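Q: sequence isn't available, so here's the structure alone:
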C-alpha cells in the first residue's frame, strides 16, 4: 500500500489500502487484493490501476451505470 501511495495512485495510505482491498490495483497484470503484498523492486514499475477497474479502462461502476440509465430515461421523456 505504501508503493501505491508513493506512486500517486492514491491520495493517502488509507486510500491506497481501500483501493487494494477493492481490487483496483494490479502488479504486472496480476490483480492484488492484499495490502501487505510484497512487491519486488523489479516489479515496482509495474504497479498500476487494474484494467478491469472503473478507475482504469474497465466497465463503469454501479453509480455510473445508474446515472447513465437515468440520463437516458430523461432524454427519452423529452421527445
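A: It's in. The structure presented is a predicted model; accordingly, all values stated were derived computationally and were not measured.

Q: tell me the phi and psi of the residue sitting nearest the centre point of the chain?
A: Nearest to the mean C-alpha position of the chain, by CA atoms, centre = their mean, lies residue 24 at 3.3 Å. In terms of degrees, to the nearest 10, the main-chain angles of residue 24 are phi -100, psi -10.

Q: for residue 60, same thing?
A: phi -60, psi 150.

Q: got a list of what the closest residue to it other than its chain neighbours touches?
A: Distance criterion CB to CB, 6 or more residues apart in numbering; nearest residue to residue 60, sequence neighbours excluded, is residue 54 at 5.7 Å. Just so you know, the C-beta spots here come from the backbone N, C-alpha and C atoms, and that holds for glycine as well. By CB atoms under 8 Å, 6 or more residues apart in numbering, the contact set of residue 54 is 60, 61, 64.

Q: out of these, which one sits closest to residue 4?
A: residue 61 (19.1 Å; CB to CB).

Q: so for the closest one, what's the pLDDT?
A: In this model, residue 61 is scored at 83, pLDDT.

Q: so the residue nearest to residue 60 sits in a helix?
A: No - the assignment for residue 54 (DSSP: H, G, I helix; E, B strand; the rest coil) gives coil, which keeps it out of a helix.
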